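In: A predicted structure for the sequence below; I have some questions about it.
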Amino acid sequence: MQVSTTNDVKIYNLSAGKSLPEWLTERKKRQLVKDDIDVRKRIELIQDFEMPAISDRVKVSRDGQYVLATGIYKPRLRCYDLHNLGLKFERCLDSEVVNFEVLSEDYNKVVFLHCDRYVEFHSQSGRYYRLRIPVFGRDMAYHHGTADMYFVGSSSQVYRLNLEQGRFLNSYSTNSPSLNCVSIMPSHSLVLTGSVDGQVEAWDPRQRERVGVLDCAMQCVTGGGEMTSVPQVTCLAASDGLNMAVGTSTGQVLLYDLRSSKPILTKDHMYGLPIKKVVYTEGGEQPMVLSMDSQVVRVWDRENGKPYTSIESTAEFNDLVLYPKSGLMFLANEQPRMQVFYVPSLGPAPRWASFLDSLTEELEESRTATVYDDYKFVTLADLQELGLDHLVGSPLLRAHLHGYFMDIRLYRKASSAKPANTLENMKKDMIKKQIEAQREGRVKIETKVPKVNKDLFIKLKVDEEEKKKKKKGAGDLLVDNRFGALFTDDRFEVDKEDETYRLINPVVSKLDKDKKKEFERKYGIKESDDEDHNSGDSDIPMDDSEENDASSDDDQDWTKELKKEHRNIQSEKVVEKKLNKIHKQEQKLKKISELSKKVKHTFSEVKAGEEFKNVSEKKFKAKKSKLSLEERLEDHDGAGDIVKTDTGHVMTFAPEKSRQSIKKEQEEKEHREERRQVRRSAKTLKKDKLPPRFWMGKRVR
């Protein structure tokens, strides 16, 4: 479903989306719905609401239960049941339909006006009767009170056919050379006809006389525009007993009151195309008028002519019908699928499509800030928060309104790299600060041991007290302000997961247990069990005195630990290398599978008596014959690699062979030499000479 906004009015296109061909199997359709998101998201209000080529006319039955439409090719009628939201029946006709009327409340009785002067009456079972009118018809209308059919066409006569008596009545003779349209006003049954010379004539069926004439052509030329021909009356519409609308061939709609010869309001479509249909809305907060030409359907205020909204066409419009007392409309157009639009502000959805109201409400509630699927709209503050404000002015950001559009992939990558400053994270930070503020008031054991580089601090402290430093002034680090951040800033903390530290760690000196216990008793600290593993590890080498006191057993212990740590690091590298290799293989297979999906295979038929030949080989041979010598050398495997320089010179060299290929060639060479030595020569063998034979004086052997 496609949603558009024109003049702040929501218009829902219920026929937008991809259509599935009829010849597809149900399994294939289900697969397409599963794979294609456009097919999955479409809304098919009425199933198979389309024609093979184009649709000409569409009407709704008087009981509001059926929609009937005509189209080509072949000429046909399709009837749709709105309660079941599907096709009820389809009936093919002999020729194209100019117009049709539904005589009964439902679809049982329909009359068709064909382009070949024939008029057909159809019942529920099929065609009931067929007759012919004297001229090519252009429009027709049916009066339910008198059962009269009125036909107009390429003549000045209005032909009347009484369906109760089954015969033609005396026709009305107008002053115009030909007529384009006919309409009947529902209140007092006046018959209105529109002519090619821009006049509207009103006939009273009770007196069978003309009761009034309106010159609409003169009202169209008063605007000062240049006219190349006389404006014709192309359509008529009546709302009640006094008001009617006239559509002209110059794209103007005139609203008349029957008591006045001048129009109340004139609306110009500004396209210069003939008006095909005018419809008055029923109900609603304010009365509206819908006028349609081949390019646009305009909705405007009936009182002042102020534009309300409009619907642009993707194909030329042919007919329009508004479902009674609702905002749902059906349009026949020059494409297979008939258009269905829903404007909630014109009226509610019909009872058989009540789910449209809830659906549109959900769409209104689930509106997102993103305008495009592949791009994200961000402001300058958002860019500064993401740390991407330096990209302003680059092709990665496109300025729009008060911000920028950026690729959604870049936005997601930047968002994942930086922790999101969400409301939940802000709440957690505030709770953490409040807990820390409450802890300050508690009784706590004061300790001078820092949290950063704790092992280094302990080692330096012990060395300072015992005055056994490896380097002169090593203990000054604890009192020197220049190195104060070494024990307070997390950025200077020793990374114990680093490979270099892990290899040096077994060699680094350790605190004696007695010194460690004495230090813990003095400074009031106790390390956890998790830290005991590395609590004795120091960040500087041993003193010379401690190294001399170490026993040979200790030397063997740290040597074993060093070898063990080295093996662990090597095994981790091997595992990481294998994982990277597997990941690259998966990416390669994924690319190959994507490329294979895009390949389209073609099939060619082999005629009888012909031998099958590979098409690719034939093309390759034909193409190879046209190649130059340089290009042939490039394709030749044994020619080696060809390098072109800037000066135009071409250098050919053979690439270095691998050890396996060299070994294989050597083995093959030795095998051939061995076979050559084993082979026995046939030179020693002699063949006995046979005596010659003669026949008719000539030697034959």
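Out: Great, that's in hand.
In: From the opening residue of stretch 323-343 to its closing one, how far?
Out: From its first residue to its last, stretch 323-343 covers 11 Å (Cα to Cα, to the nearest Å).
In: And that stretch, how far out from the chain middle?
Out: Relative to the chain's own centre, stretch 323-343 is displaced by 24 Å; criterion: Cα atoms, centre = their mean, to the nearest Å.
In: Could you do stretch 393-407 as well?
Out: 22 Å.
In: can you list contacts of that stretch?
Out: With contact meaning Cβ atoms under 8 Å, 6 or more residues apart in numbering, stretch 393-407 is reached by 371-372, 374-380, 382-383, 388, 391-392, 410. Backbone N, C-alpha and C define where each C-beta goes, glycine included.
In: go on, stretch 80-91?
Out: Outside stretch 80-91, the residues touching it (Cβ under 8 Å, 6+ apart) are 45-49, 64-69, 76-79, 107, 122, 126, 350, 352-353.
In: Would you indicate which residues of that stretch are buried?
Out: Residues of stretch 80-91 classed as buried by neighbour count (16 or more other Cβ atoms under 10 Å): Tyr80, Asp81, Leu82, Lys88.
In: Okay, the second one and Leu87: tell me how far apart.
Out: Here Asp81 is placed at a distance of 8 Å from Leu87 (Cβ to Cβ, to the nearest Å).
In: ok, now the first one?
Out: Per Cβ to Cβ, Tyr80 is found 6 Å from Leu87.
In: re earlier: max pairwise distance over the buried residues of stretch 80-91: which two?
Out: Leu82 and Lys88 (9.6 Å; Cβ to Cβ).
In: Enumerate every residue touching Phe457.
Out: Phe457 neighbours (Cβ under 8 Å, 6+ apart): Val449, Pro450, Leu478, Phe487.
In: surely the last one meets Ile458?
Out: When you say that, I think you mean Phe487. No. If you go by Cβ atoms under 8 Å, Phe487 and Ile458 don't touch, sitting 11.1 Å apart.
In: Counting neighbours, what do you get for Gln252?
Out: 23 (other Cβ atoms under 10 Å).
In: What residues does it make contact with?
Out: Residues near Gln252 by Cβ under 8 Å, 6+ apart: Cys220, Pro231, Thr266, Lys267, Asp268, His269, Ile275.
In: where's it relative to Thr6, distance?
Out: Counting by Cβ to Cβ, the gap from Gln252 to Thr6 is 21 Å.
In: Equivalent analysis for Ala417, please.
Out: Taking Cβ to Cβ, one finds Ala417 at 41 Å from Thr6.
In: neighbour-wise, which of the two wins?
Out: Applying other Cβ under 10 Å to Ala417 and Thr6 shows that Thr6 carries more neighbours, namely 15 against 9.
In: picking that back up, if you count what's nearby, which of Phe487 and Ile458 comes out ahead?
Out: Ile458 (23 against 19).
In: so where does the more buried one fall, helix or strand?
Out: helix 454-466 (DSSP states H and E).
In: Can I take it that Phe112 is in a strand?
Out: Yes. Per DSSP: H, G, I helix; E, B strand; the rest coil, Phe112 lies within a strand segment.
In: That one touches Ser95, doesn't it?
Out: No. Using Cβ under 8 Å, Phe112 is not in contact with Ser95; the gap is 9.2 Å.
In: quick revisit: can you flag the buried ones in the contacts of stretch 80-91?
Out: By 16+ other Cβ under 10 Å, the contacts of stretch 80-91 give 45-46, 49, 64-69, 76-79, 107, 122, 350, 352-353 as buried.
In: Narrow these to those in strands?
Out: Tyr66, Val67, Leu68, Ala69, Arg76, Leu77, Arg78, Cys79, His122 (DSSP state E).
In: Quick check: pLDDT value at the last one.
Out: The reference is to His122. His122 carries a pLDDT value of 93.
In: got a list of what it touches?
Out: His122 touches Leu77, Arg91, Lys109, Val110, Val111, Phe112, Tyr128, counting by Cβ under 8 Å, 6+ apart.
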